[in-house]
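[1] need a structure here:
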Amino acid sequence: MRPAKENSPCIVFIDELDAIGRQRGAGMGGGNDEREQTLNQILTEMDGFEGNSGVIVVAATNRADILDQALLRPGRFDRRVTVGLPDVQGREQILNVHVKNKKLAEEVTLLDIAKRTAGFSGADLENLMNESAILAARRNKTGITMQEINDATDRVIAGLEGRAMPDSASKKLVAYHEAGHALVGTLLPYHDPVNKVTLIPRGQAKGLTWFTPGEDQSLISAAMLKARIAGALGGRAAEQLVFGTDQVTTGASGDLQQVERMARAMVTQFGMSQVGSIAIDEGGMMGPSYSEALSSEIDGAVKAISDEPLGLGETGK
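    Residues are numbered from 1 along each chain as shown. You can find the predicted model right below:
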């Protein structure tokens, strides 16, 4: 901190504070000792500043929950500012920064892009415009069109585009699987609207169905979570209904993991089950901090929530 004092007034910015500011005593090994020594030195240096020193210390982290409490006491990092994902107006303003020196076609408006990119961070938006510019250059276009924007959006969300599958039984099965996601998502009133369905492989996925989430994801109702669970199971249900139980595939593995996460969160975090209106500490690396009886009750509630949509499908409701 000596250069900061010598060049005051100035701002000292520490990025990824959790790398050195993690709760002391939480790890093992020699590297942990060095990290704790660094943390202790930072605490000492911050205590050495006087109120009118002209030095402001700012830090950023995505894991404020694991910071050492000594960092957060009054006189140190005692003012916290939460920076969430930008809303549609924020995304439009961020895009305005990243389109400088990039020529857009007349059809392209930043507001349209902002509406399409709910849930994108500033870094995602920067990547989107860079990818769009690269695609436009490869296609020998004089400006970025909505085609490049849409293709780049797909790439940012799901990865590089793979080779299209030849017409085959596998392609037919994938088509029904993705149609199942889209159909369930369209029919359920609390589900996010369908944005796009594709059979173009990306990453490990042979096909993909995109939904457009609402702007406000801070308050999600039980009905919305159940609709998302049903939508995630729509692909497996379609396979089963069209091809039979013996022909269901491993293609739903990611969907099932997503269902388990949402159902378990409903039970253990949001109090949306018969277990009760409680939030339960899962215990992290030390394992669950509750009894075997409660653990069994939780597993039963998770299974009930996960199985409910398939039961509705079988009864035709």
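[2] measure the most centrally placed residue in the chain to residue 107 for me?
    Per CA atoms, centre = their mean, the C-alpha nearest to the average position across the chain is that of residue 119, at 7.7 Å. Counting by CB to CB, to the nearest Å, the gap from residue 119 to residue 107 is 24 Å. C-betas here are computed from N, CA, C, even on glycine.
[3] tell me the confidence at residue 293?
    The predicted structure scores residue 293 at 87 on the pLDDT scale.
[4] before we move on, what about residue 119?
    If you check residue 119, the pLDDT there is 86.
[5] isn't it right up against residue 213?
    Yes. The pair residue 119 / residue 213 is scored as a contact, 5.8 Å apart, by CB atoms under 8 Å.
[6] residue 16 and residue 59, how far apart?
    Separation of residue 16 from residue 59 (CB to CB): 9 Å.
[7] may I see the buried residues of the helix of greatest length in the chain?
    Looking across the chain with DSSP state H, the single longest helix is helix 292-315. By neighbour count with 16 or more other CB atoms under 10 Å, helix 292-315 contains the buried residues 297, 298, 301, 302, 305, 306, 309, 313.
[8] farthest pair in the residues you listed?
    Checking the buried residues of helix 292-315 against each other with CB to CB, the farthest-apart pair comes out as 297 and 313, at 26.0 Å.
[9] what does stretch 121-140 contact?
    With CB atoms under 8 Å, 6 or more residues apart in numbering as the test, stretch 121-140 has contacts from 85-86, 91, 94-95, 98-99, 102, 113, 117, 120, 143-145, 148-149, 151-153, 155-156.
[10] now do the buried residues in it.
    If you call a residue buried by 16+ other CB under 10 Å, then stretch 121-140 has these buried ones: 122, 124, 125, 127, 128, 129, 131, 132, 133, 135, 136.
[11] just the residues you listed now: which is nearest residue 191?
    Using CB to CB, residue 124 is the member of the buried residues of stretch 121-140 that lies nearest residue 191, at 23.3 Å.
[12] pretty sure that closest one is in a helix, no?
    Yes. Under the criterion used here (DSSP: H, G, I helix; E, B strand; the rest coil), residue 124 sits inside a helix.
[13] so where does residue 62 fall, helix or strand?
    No secondary structure element spans residue 62, as it lies outside all helices and strands (assigned by DSSP states H and E).
[14] what about it, neighbour count?
    Applying the criterion other CB atoms under 10 Å, we find 9 residues in the vicinity of residue 62.
[15] ok, now residue 211?
    16.
[16] could you give the number of residues near the nearest residue to it once chain neighbours are set aside?
    Nearest-residue entry for residue 211: residue 192, 3.9 Å, with adjacent residues in sequence omitted and distances by CB to CB, 6 or more residues apart in numbering. Here the number of neighbours of residue 192 (other CB under 10 Å) works out to 17.
[17] and what of residue 274?
    The local packing of residue 274 (other CB under 10 Å) involves 10 other residues.
[18] ok, residue 41 next?
    Residue 41 has 12 neighbours, counted by other CB under 10 Å.
[19] go through the strand or helix carrying it and flag the buried ones.
    With the criterion set as DSSP H and E, the secondary-structure element containing residue 41 is helix 30-47. Using 16+ other CB under 10 Å as the test for burial, helix 30-47 gives 35, 36, 39, 42, 43, 45, 46.
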